[in-house]
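>>> Fold the following.
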Amino acid sequence: MIGIIDYGAGNIRSVANAVAYCTDQPLKVVERPGEMARCSRFILPGVGAFAPAMERLREREFDAAIQEQASQGKYLLGICLGMQLLAGVSHEFGVCEGLDLIPGEIRPLAPQGGVLRVPHMGWNHIEIRQDHPLLQGIGDQRDFYFAHSYFFGAGDPSHVLAETGYGGSFASVVAKDNLMGVQFHPEKSQAAGLALIKNFIGLERRG
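Modelled structure (predicted):
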């Protein structure tokens, strides 16, 4: 069963619709940590600011539950803010600790030259740095839909699968073992986004 974690800060409906389009596997919108044990893999969506999202995760006791499920080797895909929550710390409006599942810090976009606007919104392409099953069949330079003002500064370059340029490069796809994150919105990225979701669903179980 595929679980979509609903903690009050994600675009649940559009993600659920995209996942349902990609598979006939059972789908569960997870509203309580106790429901997570029934799922084999998870998607952590997210829109908005980092600190309020982490507060919601903690209030609903999802933070420890996500860390526990990740430690069991279950696949987890963070989308947009959901990707950023996987980092150790964010510098958005102060300092806030994250889930600390993939080493990194969340920092503000600061396009060089002051010409490009923040937030970074709209279509942009990815530049693949490493082959990975999550990106299978998705060619280099494919466009995805972005909407963000902060980026994931990876603590280990080996965790960066793809980068995107916006007055400088930032990590747009990261992965560490069974944990993955994408800065863009695959559910809004048409064929390329659906291909990525299908790849995530099709990842073979670990162990």
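
>>> any residues touching the helix ranked longest in the chain, and which ones?
Longest helix in the chain, counting residues (DSSP state H): helix 190-202. Identification of contacts with helix 190-202 by CB atoms under 8 Å, 6 or more residues apart in numbering yields 2, 18-19, 21-23, 25, 41, 43, 75, 77, 133-138, 142-145, 180, 182, 184-187, 189. (Glycine included, C-beta is placed from N, CA and C.)

>>> tell me the strands in this protein, going along the chain?
For the chain, the strands defined by DSSP state E cover 2-5, 27-30, 41-44, 75-79, 89-90, 96-97, 104-108, 120-125, 127-128, 143-148, 150-154, 160-165, 169-176, 179-182.

>>> Bridged to the closest residue in space to residue 95 that isn't next to it in sequence, which residues?
With sequence-adjacent residues excluded and distances taken as CB to CB, 6 or more residues apart in numbering, residue 95 is closest to residue 89, at 6.2 Å. Beta-bridge partners recorded for residue 89 (DSSP bridges): residue 97, residue 105.

>>> Was I right to think residue 89 contacts residue 99?
No: Residue 89 lies out of contact with residue 99 (CB atoms under 8 Å); the separation is 10.4 Å.

>>> Show me which of these two is the more surrounded one.
Neighbours per residue (other CB atoms under 10 Å) separate residue 89 from residue 99, with residue 99 holding more: 23 against 16.

>>> quick one: pLDDT of that one?
pLDDT, residue 99: 98.

>>> For it, give its distance to residue 41.
16 Å (CB to CB, to the nearest Å).

>>> List the contacts of residue 37.
residue 69.

>>> can you rerun that using 10 Å?
By CB atoms under 10 Å, 6 or more residues apart in numbering, residue 37 lies in contact with 3, 65, 68-69, 72, 74.

>>> same deal with residue 22?
Contacts of residue 22 (CB under 10 Å, 6+ apart): 2, 186-187, 193-202.

>>> one more time with 8 Å
Residue 22 touches 194, 197-198, 201, counting by CB under 8 Å, 6+ apart.
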